[in-house]
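Asker: with the sequence up front, the predicted model follows.
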Amino acid sequence: MEAVAEVGGSYAELSQTFRSRRTRSVAWRKAQLQAILKLLHDHEVQIFDALHQDLRKHPVESFRDEIGVVLKSANYSLSCVEKWMAPKKVPIPLLFFPSKGEVFPEPFGLVLIFSSWNFPISLSLEPLIGAISAGNTVILKPSDLAPACSSFLAKTIPLYLDSNAVKVIEGGMDIAEKLLQQKWDKIFFTGSPQVGRIVMSAAAKHLTPVTLELGGKCPTILDSLPNPSDIKVAAKRIAGGKWGPCNGQACIGIDYVLVEDRIASALIESLKKNINRFYGENVNNLENLSRIVNKQHFDRLRNLLDDPSVAASIVHGGSLDEKNLMIEPTILLNPPLDAEIMTEEIFGPLLPIITLNNIQESIEFLNSRPKPLAIYAFTKDETFKKQILTETSSGSVIFNDVMVQFVCDTLPFGGVGQSGFGRYHGKYSFDTFSHEKAVLQRSFFPELEPRYPPWNDFKMQFIRLAYRFDYFGLLLLLSGLKRTFA
């Protein structure tokens, strides 16, 4: 009952705050963004500690993937929010002369944000930045699978941000269900497709717009690169991208690699060298790697490897440390395509490498599977690049690197199909949490008589021409005025 009262009371307070209209001012929005920057500055060490408790993240990884991401985003929004919230003039057809048109951004109102456990700071504060930049009131529900970070956000955010407009509510599925029973103006969810369906179903009862940031099996395509040093760079970036951010527990993480059979061995050897260099060789003493989030996820990953046909495909790694929830970076060569490791999102440190006779086959391979959140492709072939862009569908395409799109504020981030829908980051976050209201202002003169009955052939022809040739329609209007005043 206490949790129910907290949800209801917080919802009522947010409603009252939004109706007061104070969140619409540029001063309020900038003050909240500055507060986020101060929060990060004042509590950097505490954030490092919380991330280490939840996921054993190294401070450098924590700053790169969590604090730095939010600092950059908040500063960018702070410098642009006044421009974003200003009405935008739009061209109006001559037939409407004299008139003017604008697009007026306004906040949705009451926003609910569900964040994820794998990047519990950045995936909480990044959408929050967009929501408050757009002038909304917000309830943030952090993931209970990252309890230290959830507790930190719940205790710290009220000390810095407007506590009548931004609230953090902790809890598990029971609290999430209570939150979803309320009528929100916008819901933003980051997590699994399974839970995303529950969120969308609840939102449908109130016709609430939803942004779903999900995941999917993000492939990497490695073309035959003519320069051996290019393959080494590609392998280095693949190793850093696969195991570096949260040990493969990332929605945009590399799920598997497609490569021609003739260069697979060179790729594997290069990956092994980078694994040993970056992370170490002993599962009991791995460095710079996050742990698996909990026992349930650890067992899920272990079950993927327990399949004998999958285990037989391991060419590197495969060791597990159940006590510390660590799994060694593992490479598999051509596991069965119908095995669970190739049909479900891995979300862990296991990397299947699938060989093809010709890299062109990768297009058909991707198109036979659900649309991924991202496609990574290492190639210098401009024709092949164009083919990937035009013949596949994904949330994003990144050539010759991995995962860096997430920190680019000028590009939209989001999925398509089963990998989610909606987009955010930078201006796209502001747009996601705003309604673009169309405003058309007209004069009382002149009056276009052919728009009114009684109908006749002249009015039919006039309307036909006006829709077909707007400028000609204006000339007819002016001609009619001349006759009227002659």
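Answerer: Structure received.
Asker: pull the distance from stretch 68-77 to the chain's centre.
Answerer: Relative to its chain's centre, stretch 68-77 lies at 15 Å (C-alpha atoms, centre = their mean, to the nearest Å).
Asker: in that stretch, what's buried?
Answerer: Within stretch 68-77, the residues that qualify as buried by neighbour count (16 or more other C-beta atoms under 10 Å) are 69-71, 73-77. C-beta: built from backbone N, CA, C; applies to glycine.
Asker: so which of the residues you listed are in helices?
Answerer: 69-71, 73-77 (DSSP state H).
Asker: adding distance to residue 222 and pLDDT, write these out as CSV.
Answerer: Converted to CSV, those look like this (distance: C-beta to C-beta, whole Å; pLDDT from 0 to 100):
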residue, distance to residue 222, pLDDT
69, 27, 97
70, 32, 98
71, 33, 98
73, 31, 97
74, 36, 98
75, 35, 98
76, 33, 97
77, 36, 98
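Asker: for these, which one is nearest residue 306?
Answerer: Using C-beta to C-beta, residue 69 is the member of those that lies nearest residue 306, at 35.6 Å.
Asker: what sits against that closest one?
Answerer: Taking C-beta atoms under 8 Å, 6 or more residues apart in numbering as the definition of contact, the neighbours of residue 69 are 122, 126, 406-407.
Asker: likewise residue 141?
Answerer: With contact set as C-beta under 8 Å, 6+ apart, residue 141 has these partners: 112-115, 168-171, 175-176, 179.
Asker: mind redoing it with 7 Å?
Answerer: Under the criterion of C-beta atoms under 7 Å, 6 or more residues apart in numbering, the neighbours of residue 141 are 113-114, 169, 175-176, 179.
Asker: same deal with residue 101?
Answerer: Contact criterion C-beta under 7 Å, 6+ apart gives 90, 92, 439-440 as the residues in contact with residue 101.
Asker: and which of those is nearest residue 201?
Answerer: The closest of these to residue 201 turns out to be residue 439 (C-beta to C-beta; 34.3 Å).
Asker: hmm, the closest one is touching residue 100, no?
Answerer: No - the pair residue 439 and residue 100 fails to qualify as a contact (C-beta atoms under 7 Å) at a distance of 8.7 Å.
Asker: who's more crowded, these two?
Answerer: Here residue 439 and residue 100 are set side by side on neighbour count (other C-beta atoms under 10 Å), and the busier one is residue 100, at 15 against 12.
Asker: are we agreed that the more buried one is in a strand?
Answerer: Yes - Residue 100 forms part of a strand when assessed by DSSP: H, G, I helix; E, B strand; the rest coil.
Asker: which residues of the protein score low on pLDDT?
Answerer: Counting by pLDDT under 70, the chain has low-confidence residues at 1-4, 469-486.
Asker: just to revisit the earlier point, quick one: the buried residues of stretch 68-77 as JSON lines, columns for distance to residue 192 too.
Answerer: Shown next, in JSON lines, are the buried residues of stretch 68-77 (distance: C-beta to C-beta, whole Å):
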{"residue": "69", "distance to residue 192": "21"}
{"residue": "70", "distance to residue 192": "23"}
{"residue": "71", "distance to residue 192": "28"}
{"residue": "73", "distance to residue 192": "24"}
{"residue": "74", "distance to residue 192": "27"}
{"residue": "75", "distance to residue 192": "31"}
{"residue": "76", "distance to residue 192": "29"}
{"residue": "77", "distance to residue 192": "28"}
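Asker: how is this protein carved up into domains?
Answerer: Per automatic domain parsing, the structural domains of the chain span 2-214+425-436, 218-413, 454-478.
Asker: distance between stretch 286-305 and the chain's centre?
Answerer: 24 Å.
Asker: when you give positions from now on, start the count at 817
Answerer: Understood, numbering begins at 817; the last thing we discussed is stretch 1102-1121.
Asker: now do the buried residues in that stretch.
Answerer: Buried residues in stretch 1102-1121, counted by 16+ other C-beta under 10 Å: 1102, 1105-1109, 1113-1114, 1116-1117, 1120-1121.
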